[in-house]
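S.K.: here is the input, now give the coordinates:
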Amino acid sequence: TYSVGNPADFVDPSENAGWNFLFNPYPSILDWDLVEAGGSFPAQLSGTIYFWDASLGSGAYASYNAATSTSVNGATEKITKGQAVWIQLASDPGGTVNLPFTDAMRSVGSTPKAKSSKVTSKILVNAKQNGKSDVLHFAHFGGATLNYDHRFDHLEMDNGDFTLSVHSDVNRKLAYNCVGQYRYPLLFTVLTPKNGTVQLSIAVDETFVGEAPLYVKDLTTEQIHSLADGDYSFIASAGQNHRFLLMHRKDDDRSSQPAVTIGSGPGKLYLRFSDYGIYDEALVFDLSGKLVKRQKLDGLTRESEILMERTGVFIVNLLGSNGENYSQKVVVME
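M.R.: Numbering: from 1, shown residues only. Model (predicted):
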């Protein structure tokens, strides 16, 4: 039985706190599907395990999620003898929780190849620059939301030699984001350490059911690109988050969202909503993609203010618990 704690010695608690390093103590395979289904799996613990695979190019993390049986970079439910994995506490338990391993969770035989996924209807966002590439998955799965669901989603983990990162940045950096329905727009971010052209390819898998994305909107330039015209390319700046929206219609970024008016005054942003409880959180980014303000919204009022410590042009991103997602560029003056 492991005692899993909530480490606090990380640089960025919003991304890294709660990671624990576990290993298979048995001289045989440990089946992660059986661990999660064992009846004693802590509710605060994410269902995804991660491990470093040095055979993947220059090295990369592989991950497996027991709830959805999804695999990234060839990981499976089989944890070989002596193998160590990362797992994260998705919420603070206020102390430690116990994760028991029992003989009933052991398995025999050799580690199989990556098993096929139960999750279908996937959208894949692939980014390429200077021969390097990375991919983000949006997947349809019952019970999931656009925000981080620790039972279903995969976090984007640091690969050491950072080359190119594509992730969904709805509250957390997700490399695999399951959603209950494809409710457009879908937000994603591209981050690269080098200046230069990045090529974006958007595809759906052969089992895709529903409305596929037809447009991608660049939130920096406000340009809307039709995917019927092929891939979209943009000039990236090193170390900056470049944010995009996937859309089924050209007006998905506005007309499909509940009415909201965003204005500004000296050192402030004003939010006025058409109804109560539409959005739960406001994120404010500068044009480099850096998060400069995060504020919870009171669902009992139809007006909110966000105090700003600096002036300039910003992108306000509003998020709701049911997948609502609205972005608008605003100018804050002195």
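
S.K.: count the residues that sit near the nearest residue to Asn73 once chain neighbours are set aside.
M.R.: Using Cβ to Cβ, 6 or more residues apart in numbering and skipping residues adjacent in sequence, the residue nearest Asn73 is Ala62, 3.7 Å away. For the C-beta atoms, the positions are set from N, CA and C on the backbone; glycine is no exception. Using other Cβ atoms under 10 Å, Ala62 is surrounded by 20 other residues.

S.K.: give me the element Ala62 is part of.
M.R.: strand 60-65 (DSSP states H and E).

S.K.: which parts of that strand are buried?
M.R.: Along strand 60-65, these residues count as buried under the neighbour rule (16 or more other Cβ atoms under 10 Å): Ala60, Tyr61, Ala62, Ser63, Tyr64, Asn65.

S.K.: export the residues you listed to JSON lines and tack on distance to Asn325 and pLDDT?
M.R.: Shown next, in JSON lines, are these (distance: Cβ to Cβ, whole Å; pLDDT from 0 to 100):
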{"residue": "Ala60", "distance to Asn325": "29", "pLDDT": "81"}
{"residue": "Tyr61", "distance to Asn325": "27", "pLDDT": "86"}
{"residue": "Ala62", "distance to Asn325": "29", "pLDDT": "89"}
{"residue": "Ser63", "distance to Asn325": "25", "pLDDT": "91"}
{"residue": "Tyr64", "distance to Asn325": "28", "pLDDT": "93"}
{"residue": "Asn65", "distance to Asn325": "23", "pLDDT": "91"}
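
S.K.: can I get these in JSON lines including distance to Ala127?
M.R.: JSON lines is the format used below for those (distance: Cβ to Cβ, whole Å):
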{"residue": "Ala60", "distance to Ala127": "15"}
{"residue": "Tyr61", "distance to Ala127": "17"}
{"residue": "Ala62", "distance to Ala127": "19"}
{"residue": "Ser63", "distance to Ala127": "19"}
{"residue": "Tyr64", "distance to Ala127": "23"}
{"residue": "Asn65", "distance to Ala127": "22"}
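
S.K.: the bottom helix or strand of this structure by mean pLDDT?
M.R.: helix 13-16 (a mean of 47; mean pLDDT, DSSP states H and E).

S.K.: circling back to that earlier point, OK, contacts around the residue nearest to Asn73?
M.R.: Tyr50, Phe51, Trp52, Asp53, Leu56, Ser71, Val72, Asn73, Gly74, Ala75 (Cβ atoms under 8 Å, 6 or more residues apart in numbering).

S.K.: now with 6 Å?
M.R.: Taking Cβ atoms under 6 Å, 6 or more residues apart in numbering as the contact definition, Ala62 lies against Phe51, Asp53, Asn73, Gly74, Ala75.

S.K.: what distance do you get for the fourth one to Leu45?
M.R.: Yep, that's Gly74 we're talking about. Between Gly74 and Leu45 the computed distance is 23 Å (Cβ to Cβ, to the nearest Å).

S.K.: so between these two, which is more surrounded?
M.R.: Ranked by neighbour count (other Cβ under 10 Å), Gly74 and Leu45 place Leu45 first, with 21 against 13.

S.K.: give me the nearest residue to that one, chain neighbours excluded.
M.R.: With Cβ to Cβ, 6+ apart as the criterion, Leu45 has its nearest non-adjacent residue at 5.9 Å, and that residue is Leu89.

S.K.: surely Asp231 touches Ile202?
M.R.: No. If you go by Cβ atoms under 6 Å, Asp231 and Ile202 don't touch, sitting 7.9 Å apart.

S.K.: look at those two and report which has more neighbours.
M.R.: Remark: of Asp231 and Ile202, Ile202 carries more neighbours, 20 against 14, as counted by other Cβ under 10 Å.

S.K.: ok, back up a step: can you name the two of the contacts of Ala62 that are farthest apart?
M.R.: Phe51 and Gly74 (10.6 Å; Cβ to Cβ).

S.K.: how much space between Ala90 and Asp153?
M.R.: Relative to Asp153, Ala90 is positioned 9 Å away (Cβ to Cβ).

S.K.: more neighbours: which of the two?
M.R.: Asp153 (30 against 21).

S.K.: who's the residue lying closest to the more buried one once chain neighbours are set aside bridged to?
M.R.: Sequence neighbours aside, Leu174 is the residue nearest to Asp153 in space, at 5.2 Å (criterion: Cβ to Cβ, 6+ apart). On the basis of DSSP bridges, Leu174 is bridged to Leu155, Ser168.

S.K.: now Leu174: how far from Ala139?
M.R.: The gap separating Leu174 from Ala139 is 11 Å, by Cβ to Cβ.

S.K.: swap in Gln223?
M.R.: Gln223 is 27 Å from Ala139, where distance means Cβ to Cβ.

S.K.: ditto for Ala37
M.R.: Counting by Cβ to Cβ, the separation of Ala37 from Ala139 is 21 Å.

S.K.: cool, and Asn317?
M.R.: From Asn317 to Ala139 the distance is 22 Å (Cβ to Cβ).

S.K.: just the pLDDT for Leu246.
M.R.: Per-residue pLDDT puts Leu246 at 92.
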